[in-house]
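In: this one's structure only:
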């Protein structure tokens, strides 16, 4: 037996199928952001070695706060938020490094 759909029925069935797929994908958590966490910690370490604690404390503190938030989210298995916070921590650490290097050059 062959089922024939009208274009309107076919469109509606495709929309329902796509909606169901999006709901399934939206509910899935990704894998833990291991690499992003490592990158953030490394960037903070490099910034500290470059003297950011003295020359770029504002940026370094922001990086550390983002890393703390990422670690908390990781513990709660909120991996997407942990990944975002880890990436923010890395960017703030890079900012701290740049500010620190520029301040060192100015001296």
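Out: The structure has been received and is ready for your questions. These figures come from a predicted structure and were not determined experimentally.
In: distance of the spatially most central residue of the chain relative to residue 107?
Out: With distances taken as CA atoms, centre = their mean, the chain has residue 84 as the residue nearest its mean C-alpha position (1.9 Å). Distance of residue 84 to residue 107, given as CB to CB, to the nearest Å: 35 Å. C-beta coordinates here come from the backbone N, C-alpha and C atoms, glycine included.
In: biggest helix in the chain, by residue count?
Out: If each helix of the chain is counted by residues according to DSSP state H, the longest one is helix 79-106.
In: show me how far it is from its chain's centre.
Out: Distance, stretch centre to chain centre, for helix 79-106: 13 Å (CA atoms, centre = their mean, to the nearest Å).
In: please tell me how far the residue nearest to the centre of the chain sits from residue 101.
Out: Between residue 84 and residue 101 the distance, using CB to CB, works out to 26 Å.
In: check which helix or strand covers residue 47.
Out: helix 34-49 (DSSP states H and E).
In: any idea of the mean pLDDT for that helix?
Out: Averaging pLDDT along helix 34-49 gives 97.
In: can you pull the buried residues of that helix?
Out: 36-37, 39-41, 43-44, 47-48 (16 or more other CB atoms under 10 Å).
In: now the residues you listed in CSV, with distance to residue 19?
Out: Compiled in CSV, the buried residues of helix 34-49 are given as follows (distance: CB to CB, whole Å):
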residue, distance to residue 19
36, 31
37, 34
39, 36
40, 36
41, 40
43, 40
44, 42
47, 45
48, 48
